[in-house]
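okay, sequence plus prediction incoming.
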Amino acid sequence: MAKGSDGSRLANLNEWVAEVAALTRPDRIHWCDGSDAENEALVAQMLGDGTLVRLNEQTHPNSFLHRSDPDDVARVEHLTFVCTDDQNDAGPNNHWMAPDEAHAKMDALFDGCMAGRTMYVIPYCMGPIDSPLSRCGVEITDSPYVVANMRIMTRMGAPALARIEKEGTFVKGLHSTGELDPDRRFIMHFPEELAIKSFGSGYGGNALLGKKCHALRIASHQARSEGWLAEHMLILGIENPQGETHYIAAAFPSACGKTNLAMLIPPEGYRNAGWKVWTVGDDICWMRPGKDGRLYAINPEAGFFGVAPGTSKKSNPNALACLQRDAIFTNVGVTADNQPWWEGLDNGQQPAIDWRGEPYDPAKRPAAHPNSRFTVSAKACPSYSPEAENPAGVPISAIVFGGRRASLVPLVFEARDWTHGVLVGASMGSETTAAATGAVGVMRRDPMAMKPFCGYNFADYFAHWLSFDTPGAKLPKVFHVNWFRKGDDGKFLWPGFGDNLRVLEWMIGRVNGTAGAVETPIGALPSADDLNLDGIELGDEALCKLFGYERDGWSAEFQAIGDYLAGYGPRMPQALVDEQRRIAGSLA
Ligand SMILES: Nc1nc2c(ncn2[C@@H]2O[C@H](COP(=O)(O)OP(=O)(O)OP(=O)(O)O)[C@@H](O)[C@H]2O)c(=O)[nH]1
Ligand SMILES: O=C([O-])CC(=O)C(=O)O
Ligand SMILES: [Mn+2]
């Protein structure tokens, strides 16, 4: 039992824990305090039962590999539900179940599921512990792996419990790995009760409930009624040679480049001139208007749960620097001397054992699962911004939307105004990735990169976004980017990674009114001359496709966007419908 200083404010927490224990019948209950001693004991236990494997202590001190169940390697969108009283409140963008039915279904699964196991109670805070923008939760789980990850990803333990005692409210997250049976797996959200029930998976966004379940699905619902935004966005700071820092928030779908952009290292010419990029967050952003009318953002997380494949000294040196020690790797391969290995690591080593623990055979499967991940504290990142701990958050100068689009969509364009910006976000499309189970490479609409994460009807969500355009507001400029445009040979036309700073510099120039652009019906596009392209070679095809605008293709795209928005029926805000019609009309 958690003892509050006067015992009373924690009564609802103690009652809930007792209720859950009566249902799940664990052998033991452990209240997590977040201490090093607690973590060491858990790690020792997991090394003992094979949940963790110790990696090479010389090269990767205090780092571990976890191999998940082969059927439990990604988020499961088809098993993820939003359970609101009225189905229309969850919207066509979510799977829905009536709350009573969902509770009954889940409680039957949880009945006695922790017999023989320890039940861990994890109090956590999403965001700096002293920030008014932060929110607390408690996750109950029977997975020590979840505890170890939540310890890195959130502010977990005693300080969070103290804040919960002060506030009296928290999000209730109940999780059990169950038997890891994909047929008995559900991730249920009850936004009207600030509650989550997740059963049958131990993986990432399904099981670390502070992350997608709380900080996006429940928080987006809460944010709507409280006047803020909970988004699937990275936050970075760009410091120019004059020492001014602008903060940018960017929404890209899962495995589409948030971690990479958040940790960007400027190309050499920029570095020499004094440019620097600061990492505030790599996955989730909570934003609220400040007294001066600007949007202020915090990163609710304390660590990174990043995609391993493709991470190298060349593509993301900051991420690699984070992974030197104290990291948990999930589903990567290992070398003969027990160092972590994944496709694209490019460090001259070779894998010996694949992610399933079998001898590596490239004809059989890749060494690392395409959605293999690392968990590491944000404090380990050389570019981690001191402002990430600022309880007031950082002021946002630009919001960027982007996806994987092999064709049509140019490198970058700027929205005309806020309403157009909301349409740009609402009409985003991207090719699917390995971050969720299902087919990879299929183009789908993924508004604001929130398709899997918005805890309520997208039509209401777009209306909420539009509502920030008030008379006193000083809103960020809105842009759209596409790092993934391909040429006729199927190769990416834009070098990407560090060179993306060239595009960010143009955005800051637009914010300051110094950079040029060409107006088109889809927005303002830079000409190739408006971007600093010194030191990179782009052929004619690249210049044409990255900086051009294809009227016929966009005309067809806007018809498709119109059809998509119409699918939300009369709840769709008229201002957005009008904006779509205006642009479709000017393209006709
Ligand atoms: N071509 C190209 N690929 C990129 C670029 N940036 C990132 N990627 C690729 O995008 C994939 C993963 O991107 P991440 O940055 O880890 O993804 P994320 O958006 O943080 O994803 P989640 O953690 O799943 O939300 C890897 O395959 C990278 O190689 C880029 O600028 N150009
Ligand atoms: O939630 C996860 O498992 C990882 C993640 O960031 C995403 O899929 O967007
Ligand atoms: Mn994500």
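Thanks, I have the structure now. Ligands and ions are numbered 1, 2, ... in the order given.

touching ligand 2 at all, the helix or strand harbouring Trp286?
Here Trp286 sits within strand 285-289, counting by DSSP states H and E. No. Using C-beta under 6 Å from any ligand atom, strand 285-289 never reaches ligand 2; the gap is at least 12.7 Å. C-beta coordinates here come from the backbone N, C-alpha and C atoms, glycine included.

what's that strand packed up against?
strand 229-231, strand 233-239, strand 295-298 (3 or more C-beta pairs under 8 Å, 6 or more residues apart in numbering; DSSP states H and E).

among those strands, which is nearest ligand 2?
strand 233-239 (10.6 Å; C-beta to the nearest ligand atom).

contacts for the closest one, please.
Strand 233-239 is touched from outside by 245-252, 258-259, 261-262, 264, 275-285, 297, 299, 385, 387-388, 394, 396, 399, 449, 501, 504-505, 508, with contacts defined as C-beta atoms under 8 Å, 6 or more residues apart in numbering.

next, give phi and psi for the closest residue to Thr141 other than its chain neighbours.
Spatial nearest neighbour of Thr141, chain neighbours left out: His175 (4.3 Å); criterion: C-beta to C-beta, 6 or more residues apart in numbering. Phi and psi for His175, reported as degrees, to the nearest 10, are phi -140, psi 140.

in this structure, which residue sits nearest ligand 2?
Gly205 (2.3 Å).

which residues touch that residue?
Gly205 neighbours (C-beta under 8 Å, 6+ apart): Arg75, Lys211, Lys212, Cys213.

how about the residues of the stretch 151-300 of the chain near ligand 3?
Ser254, Asp283 (C-beta under 5 Å from the ion).

tell me which parts of the stretch 151-300 of the chain are close to ligand 2?
Residues of the stretch 151-300 of the chain lying near ligand 2 (C-beta under 6 Å from any ligand atom): Gly204, Gly205, Lys211, Lys212, Ser254, Asp283.

next one: the residue nearest the centre of the chain from Ala459, what distance?
In the chain, the C-alpha nearest the mean C-alpha coordinate belongs to Asp283, at 3.2 Å (C-alpha atoms, centre = their mean). Counting by C-beta to C-beta, to the nearest Å, the separation of Asp283 from Ala459 is 25 Å.

helix or strand for Asn318, which one?
helix 317-322.

so does that helix get close to ligand 1?
No. Judged by C-beta under 6 Å from any ligand atom, helix 317-322 stays clear of ligand 1, getting no closer than 8.3 Å.

would you map the strands across the stretch 1-150 of the chain?
Assigned by DSSP state E, counting those that start in this stretch, the strands in the stretch 1-150 of the chain fall at 28-31, 53-54, 64-66, 80-82, 95-96, 118-126, 135-141.

before we move on, the earlier item: how many neighbours does the residue nearest to the residue nearest to the centre of the chain when sequence neighbours are not counted have?
Among residues not flanking Asp283 along the chain, Lys258 sits closest, at 5.9 Å (C-beta to C-beta, 6+ apart). By the criterion of other C-beta atoms under 10 Å, Lys258 has 28 neighbours.

nearest to Gly290, of the strands of the stretch 1-150 of the chain?
Closest to Gly290 of the strands of the stretch 1-150 of the chain is strand 135-141 (C-beta to C-beta; 17.8 Å).

one step back: in CSV: the helices and strands packed on strand 285-289, plus mean pLDDT, mean neighbour count and distance to Ser427.
CSV is the format used below for the helices and strands packed on strand 285-289 (pLDDT from 0 to 100; neighbours: other C-beta atoms under 10 Å; distance: least, C-beta to C-beta, whole Å):
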stretch, mean pLDDT, mean neighbour count, distance to Ser427
strand 229-231, 98, 26, 16
strand 233-239, 98, 25, 17
strand 295-298, 98, 25, 21
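
of all those, which one is nearest ligand 1?
strand 233-239 (6.9 Å).

where does the residue nearest to Pro159 when sequence neighbours are not counted land on pLDDT?
Leaving aside its sequence neighbours, Pro159 sits nearest to Ile129 (C-beta to C-beta, 6+ apart; 4.9 Å). As predicted, Ile129 sits at a pLDDT of 98.

try Ser5
55.

pick out the residue of the protein closest to ligand 1.
Nearest residue of the chain to ligand 1: Gly496, at 2.5 Å (C-beta to the nearest ligand atom).

does that residue touch Val481 like I think?
No. Gly496 lies out of contact with Val481 (C-beta atoms under 8 Å); the separation is 10.2 Å.

ok, those two, which is more surrounded?
Set Gly496 next to Val481 and count neighbours by other C-beta under 10 Å: Val481 wins out with 24 against 15.

for the residue nearest to that one when sequence neighbours are not counted, give me its contacts.
Spatially, and ignoring its direct neighbours in sequence, Val481 is nearest to Gly402 (4.1 Å; C-beta to C-beta, 6+ apart). Counting by C-beta under 8 Å, 6+ apart, Gly402 touches Ala250, Ala251, Phe252, Cys256, Gly257, Met428, His480, Val481, Asn482, Trp483.

you'd agree Pro395 is in a helix?
No. Assessed with DSSP: H, G, I helix; E, B strand; the rest coil, Pro395 is strand; it does not lie in a helix.

I'd say it and Arg288 touch.
No. Under the criterion of C-beta under 8 Å, Pro395 makes no contact with Arg288, lying 11.2 Å away.

quick check: neighbours shared by those two?
With C-beta under 8 Å, 6+ apart, Pro395 and Arg288 have common neighbours Leu295, Tyr296.

give me the number of residues near Glu167?
12.

still on that earlier bit, roughly how far does the residue nearest to Thr141 sit from Ile196?
Taking C-beta to C-beta, one finds His175 at 8 Å from Ile196.

so what's Ile561 closest to, chain neighbours aside?
Ser427 (4.2 Å).

then Phe458?
Asn93 (4.4 Å).

what residues are up against Glu387?
Contacts of Glu387 by C-beta under 8 Å, 6+ apart are Gly237, Tyr247, Trp278, Val280, Val394.

which SS class is it?
helix.

now swap in Asn500 and tell me
On the three-state scheme (three-state DSSP), Asn500 is labelled helix.

and what of Ile164?
helix.

show me how far the helix or strand harbouring Thr375 is from its chain's centre.
Per DSSP H and E: Thr375 is located in strand 373-377. Offset of strand 373-377 from its chain centre (C-alpha atoms, centre = their mean, to the nearest Å): 13 Å.

neighbouring strands - and their directions - for that strand?
strand 303-307 (antiparallel), strand 328-330 (antiparallel) (DSSP bridges).

got the contact list for the last one?
Taking contacts as C-beta under 8 Å, 6+ apart, the residues outside strand 328-330 that touch it are 52, 55, 63-68, 148-149, 152, 203-204, 308, 340, 372-376.

could you rerun that using 10 Å?
43, 46, 52-53, 55, 60, 62-68, 73, 145, 148-149, 151-152, 202-204, 303, 305, 308, 323, 340-342, 355, 368-369, 371-376 (C-beta atoms under 10 Å, 6 or more residues apart in numbering).

what about it, near ligand 2?
No. Strand 328-330 lies out of reach of ligand 2 by C-beta under 6 Å from any ligand atom, never closer than 9.7 Å.

in that strand, which residues are buried?
With burial defined by 16 or more other C-beta atoms under 10 Å, the residues of strand 328-330 counted as buried are Ile328, Phe329, Thr330.
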